[in-house]
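S.K.: quick one: sequence plus predicted model below, questions after.
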Amino acid sequence: MGARGEMKVDCVRFSLMVMLTTKNGIFSVRSAYHLKMHLNSARTGSASSSSSLEDHRGWLALWAANVPGKAKIHVWRLIRNGLAVGDELRRRRIESGMWLVRNEAREEVRIAAPHAIVQKSFFLIEEWQGIRPAGKSGSVQVTEHWLPPASGWTKLNADGAFSEAYMVPTNKSAPRAAADALLSRVVFHDGRLVHRPDPKHALFSLAYLPVGFALALLRVFISLYVPRGLVRHAYRLTGIRLAVRGIPPPPPSHGTPGSLLVCNHRTAVDPIMVSIALGRQVTCMTYNVSELSTAISLVPTVALTGYREVDKARIAALLESGRDVVVCPEGTTCREPCLLRFSALFAELTDWIVPVAVDAAQSTYYGSTARGSQAMDPWFFYMNPRPGYRVTFLPALQPEETCGVGGRSAVEVANHVQVVISKELRYECTGFTRKDKYMKLASKDGRVANECEQKGKKLA
C-alpha cells in the first residue's frame, strides 16, 4: 500500500483506540491523556502497577473532596513540595529566618502558631461543609426571566463587583434599614452633617451656621488665651462638656523621658482635649498638618512623614527631651464605634506607654472629613451647639507588656493597647487601616505630602 493507504489505516487504528479508551466515543483532553498513558505502557511493555492506580485514586479523592478549591490547591502544592516550608526553603538556599522577617516587614504581623493554624483550618472546613452539601447537585438549571417589580418598589441593578445590593422603595417616607439589618457593618462614611438632611435638620444646619461660627470663634479664643487650668471651666460655660476619668500620669521629672500617651482618634481636637484633661503641655504627632489648624491649636504639633525611621527618630527625640507626646496609632479618625488597626511604631520607642481612651459627641457637624478641607475640622467641631468629650486615662503598661523589658514584639504591644482601649469604650477592633479609609472614601492613599513634611520642619 502507498503512503495514502498507510495514513488511512493509521487513522482507522487511532479512531478505534480512541473509542476503546472513551465510553461515549468523544475525543477530549482527558481521553488523550489516557490514550497517551496507554501507548507509553504498550511501548515499554509494563502494565500499570497497583501503587500508581492507588495514587490515581488518591488524586481523584482529593479533587472530589467537599472543601474550597483553594484548600485543594494548597494540599496539592503541599504534596508536590510547592510550599515555602523549611525543607523547601533550605533546598532553595533561603534562610527561613529571612523569610519570617520579610513577612513581618510586609504584613506587620507574625505568623501564627502551627496549632492555631490547624484549628482555624478545621473550623473553616467544617463551616464550608455545613453550608455546602456534599456531592454534585442534580438540579436542572432554570433560566430566569426579567420580571417587573412589585407595586411600590423599584429594581436596582448592581454590578457583580459589589457585595451588597438593596431594593429601594419609591415611597420617601419608608423607614430606613436598621444598622443591624445590613449584610456588613458600616465603618467608613464621610460628610459634615451628623443627621440625615431631611427638611427639619437641613433647615436647622443652615440657620445655625452663622451662630455656630461665632460660637466657634469664642471657643478658639478661650483655647488660646485662657490659662490652661481654667480652660476646662470656660469650656463648660460655652456648652462643651469635658469629662475626665482615670488617673493622669505624673509629669516627668528633670532628666527623665516623657510619657507616650497612646489614644484612639475621633476628631482633630483629640490632642487638645487630652492636654486640657492632663493639665499640662503635650506635643502632638499627626499626619494631617495645616497652617490653619496649627494656628488655633493649644498644643505644639509635629508632622509625621510616613517614613518609619524618620518618624521614629522624631518621636524618640521628643520623649528624651522630657516632653509628653500624644500619638494616635490609627492614623486617621473613625466615626463609628470601631477602632482601626494600630500602627506598631509607638511600641518601639519607649516602655512608658499610657493608653488613653477618648470619645466625642457631635450633634450637628462632624469634626472630621476625608474628601473635604481638613483644615476646617476643628472649626466644625467647635461649631456644634453642645459638643462633648470623654477622656479616660488607663493604667500604664506593665514592664512585662512592653518590648524592652517584656521582650514582646511591637505588633503584640500595639494589639494589646488596641484591645485595652476598645474594652474601655466598648468599641469593636477592626483590621482596617488609614489607607483603607482614604481609598474607599477619597480614592487616595491618605498620605499628605507638603513642604513641611518633606523638610521635616516643626510647625509649632
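M.R.: Structure received. Numbers count the residues shown, from 1 in each chain.
S.K.: so where's the protein uncertain?
M.R.: Low-confidence segments of the chain, defined by pLDDT under 70: 1-27, 42-56, 95-113, 131-144, 152, 154-170, 172, 287-297, 306, 445-460.
S.K.: now for the nearest residue to residue 431 once chain neighbours are set aside, how many residues are close by?
M.R.: Spatial nearest neighbour of residue 431, excluding adjacent residues (C-beta to C-beta, 6 or more residues apart in numbering): residue 341 at 5.2 Å. To be clear about C-beta, it is placed using only N, CA and C from the backbone, and glycine gets the same treatment. If you count neighbours by other C-beta atoms under 10 Å, residue 341 ends up with 21.
S.K.: equivalent analysis for residue 404, please.
M.R.: 13.
S.K.: quick revisit: from residue 326, how far off is the residue nearest to residue 431?
M.R.: According to C-beta to C-beta, to the nearest Å, residue 341 and residue 326 sit 19 Å apart.
S.K.: do the same with residue 149
M.R.: From residue 149 over to residue 326 (counting by C-beta to C-beta), the distance is 53 Å.
S.K.: who has more neighbours out of these two?
M.R.: residue 326 (25 against 12).
S.K.: which residues touch the closest residue to residue 234 other than its chain neighbours?
M.R.: Nearest-residue entry for residue 234: residue 222, 4.6 Å, with adjacent residues in sequence omitted and distances by C-beta to C-beta, 6+ apart. The contact partners of residue 222, taken as C-beta atoms under 8 Å, 6 or more residues apart in numbering, are 231, 234, 235, 238.
S.K.: got the buried residues for the helix or strand hosting residue 222?
M.R.: Counting by DSSP states H and E, the element that carries residue 222 is helix 199-225. Neighbour-count burial for helix 199-225, with 16 or more other C-beta atoms under 10 Å as criterion, is recorded at 205, 208, 212, 215, 216, 219, 220, 222, 223.
S.K.: okay, and the beta partners of the residue nearest to residue 396 when sequence neighbours are not counted?
M.R.: Setting aside the residues directly before and after it, residue 396 is nearest to residue 354 in space (C-beta to C-beta, 6+ apart), at 4.8 Å. Legend: beta-bridge partners of residue 354 under DSSP bridges are residue 261.
S.K.: tell me who's in contact with residue 372.
M.R.: Residue 372 neighbours (C-beta under 8 Å, 6+ apart): 190, 192.
S.K.: would it count as being in a strand?
M.R.: No - counting by DSSP: H, G, I helix; E, B strand; the rest coil, residue 372 is not part of a strand but coil.
S.K.: distance of it from residue 191?
M.R.: Separation of residue 372 from residue 191 (C-beta to C-beta) stands at 8 Å.
S.K.: what of residue 147?
M.R.: For residue 147, the distance to residue 191 - C-beta to C-beta - is 36 Å.
S.K.: who's more crowded, the two?
M.R.: It is residue 191, of residue 147 and residue 191, that has more neighbours when counted by other C-beta under 10 Å, with 14 against 7.
S.K.: ok, the more buried one to residue 334 distance?
M.R.: Counting by C-beta to C-beta, the gap from residue 191 to residue 334 is 14 Å.
S.K.: cool, residue 299 as well?
M.R.: According to C-beta to C-beta, residue 299 and residue 334 sit 21 Å apart.
S.K.: likewise residue 405?
M.R.: Distance from residue 405 to residue 334, by C-beta to C-beta: 31 Å.
S.K.: which one of those two is surrounded by more residues?
M.R.: Set residue 405 next to residue 334 and count neighbours by other C-beta under 10 Å: residue 334 wins out with 20 against 12.
S.K.: make sure the more buried one is actually in contact with residue 267.
M.R.: No - assessed by C-beta atoms under 8 Å, residue 334 is found out of contact with residue 267, at 10.4 Å.
S.K.: surely residue 390 is within a strand?
M.R.: Yes - the assignment for residue 390 (three-state DSSP) places it in a strand.
S.K.: mind checking how far it is from residue 283?
M.R.: 22 Å.
S.K.: which one of the two has more residues nearby?
M.R.: Ranked by neighbour count (other C-beta under 10 Å), residue 390 and residue 283 place residue 283 first, with 23 against 19.
S.K.: for that one, what are phi and psi?
M.R.: Per-residue torsions, residue 283: phi -110, psi 130 (degrees, to the nearest 10).
S.K.: right, and it touches residue 321 too?
M.R.: No - using C-beta under 8 Å, residue 283 makes no contact with residue 321, being 9.3 Å away.
S.K.: how is this protein divided into domains?
M.R.: Annotated domains of the chain cover 55-107, 199-455 [automatic domain parsing].
S.K.: adding distance to residue 173, write those domains out as a markdown table.
M.R.: Output for the domains of the chain, formatted as a markdown table (distance: least, C-beta to C-beta, whole Å):
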| stretch | distance to residue 173 |
| --- | --- |
| domain 55-107 | 44 |
| domain 199-455 | 12 |
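S.K.: deepest of these, which one?
M.R.: domain 199-455 (a mean of 18; mean count of other C-beta atoms under 10 Å).
S.K.: check the offset of that one from the chain's centre.
M.R.: Distance of domain 199-455 from the chain centroid (C-alpha atoms, centre = their mean, to the nearest Å) equals 19 Å.
S.K.: quick check, residue 226 in contact with residue 237.
M.R.: No - at 10.5 Å, residue 226 does not count as touching residue 237 under the criterion of C-beta under 8 Å.
S.K.: hey, where'd the strands end up in the stretch 201-350 of the chain?
M.R.: In the stretch 201-350 of the chain, the strands defined using DSSP state E, counting those that start in this stretch lie at 241-246, 260-263, 283-286, 301-303, 325-327, 338-339.
S.K.: out of the ones you listed, flag the one nearest residue 30.
M.R.: Among the strands of the stretch 201-350 of the chain, the nearest to residue 30 by C-beta to C-beta is strand 338-339 (50.7 Å).
S.K.: partner strands of that closest one and their direction?
M.R.: Strand pairing (DSSP bridges) places strand 338-339 next to strand 428-429 (parallel).
S.K.: ok, then the element right after the partner strand?
M.R.: helix 434-441.
S.K.: send the alpha carbons of that next one over as PDB?
M.R.: What follows is helix 434-441, C-alpha atoms only, in PDB (Å, rounded to 0.1, in the frame of the first residue of the first chain):
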ATOM      1  CA  ARG A 434      -5.700  54.600  57.300                       C
ATOM      2  CA  LYS A 435      -5.100  53.700  53.600                       C
ATOM      3  CA  ASP A 436      -8.300  51.600  53.600                       C
ATOM      4  CA  LYS A 437     -10.400  54.500  54.700                       C
ATOM      5  CA  TYR A 438      -9.000  57.000  52.200                       C
ATOM      6  CA  MET A 439      -9.100  54.500  49.300                       C
ATOM      7  CA  LYS A 440     -12.800  53.900  49.900                       C
ATOM      8  CA  LEU A 441     -13.800  57.400  50.600                       C
END
